[in-house]
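Novice: Structure, please.
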Amino acid sequence: MDLRATIRDVPDFPKPGIIYKDITPLLCDKKAFSQVIDTLANHYRDHEIDLIMGAEARGFILGGALAFEMGCGFVPARKPGKLPHKVTKAIYDLEYGTDSLEIHVDAIEPGARVLIVDDVLATGGTAAAKAELVTKMKGEVAGIAFLIELGFLGGREKLGDYNIFSMITYE
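Specialist: This is a model prediction of the structure:
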């Protein structure tokens, strides 16, 4: 199945000049969604993954489904103030300012192998923040997987030597 055909371009969202890659049609298509999860699971099946980490909101959808498929736990990375227990934080740069992600301090045991999953690799800031959270908790980043990579934004370079897998790349 051609997954690109299930991704909708939305011009000028969230601001003028940006073409947003909307994966909602893909998620609504049971064959396309299954293909994504199957492809990711098959790619990482031999990597001894303990946990999947996804950030809200689309990272929850892909990461949760993948964790279920692979028989792993799931670690939610959330915006500040959304988690009810003691947290640790990673701050990352935005075009104008900074943002941050948090996880519970007991979410990742030392030595746990964590696969980070998200819908889009753009500038790499959020993925780098998630990797920082894993290493801060003395876990190991087993890989970073994306449905879509916007190659023209250079986010892969910000992620260094991590094992990166993107299903669809737009140059």
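
Novice: Can you list the low-confidence ranges for the protein?
Specialist: Low-confidence segments of the chain, defined by pLDDT under 70: 95.

Novice: Just the helices from it, written as ranges.
Specialist: Applying DSSP state H to the chain gives helices spanning 24-28, 30-44, 58-70, 125-136, 155-158.

Novice: okay, those, which one's buried deepest?
Specialist: Counting by mean count of other CB atoms under 10 Å, helix 125-136 has the highest mean neighbour count of the helices of the chain, with a mean of 22. Any C-beta I mention is one placed from the backbone N, CA and C, and that applies to glycine too.

Novice: Are there helices or strands packed against that helix, and which ones?
Specialist: Helix 125-136 sits against strand 51-55, strand 73-77, strand 87-94, strand 97-104, strand 113-121, strand 140-150, helix 155-158, with contacts defined as 3 or more CB pairs under 8 Å, 6 or more residues apart in numbering; DSSP states H and E.

Novice: Please identify which of these is closest to Met167.
Specialist: Closest to Met167 of the helices and strands packed on helix 125-136 is strand 140-150 (CB to CB; 5.3 Å).

Novice: Who are the packing partners of the closest one?
Specialist: When contacts are defined as 3+ CB pairs under 8 Å, 6+ apart, strand 140-150 sits against helix 30-44, strand 113-121, helix 125-136, strand 164-170.

Novice: rewinding a little: mind checking which of the helices of the chain is nearest Thr169?
Specialist: Short answer: helix 155-158, nearest of those by CB to CB, at 9.4 Å.

Novice: CA atoms of that closest one as PDB?
Specialist: The C-alpha coordinates for helix 155-158 follow below in PDB (Å, rounded to 0.1, in the frame of the first residue of the first chain):
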ATOM      1  CA  GLY A 155      16.600  17.100  11.900                       C
ATOM      2  CA  ARG A 156      18.500  13.900  11.500                       C
ATOM      3  CA  GLU A 157      21.800  15.800  12.000                       C
ATOM      4  CA  LYS A 158      20.600  17.000  15.500                       C
END
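
Novice: I am finished for the moment; much appreciated.
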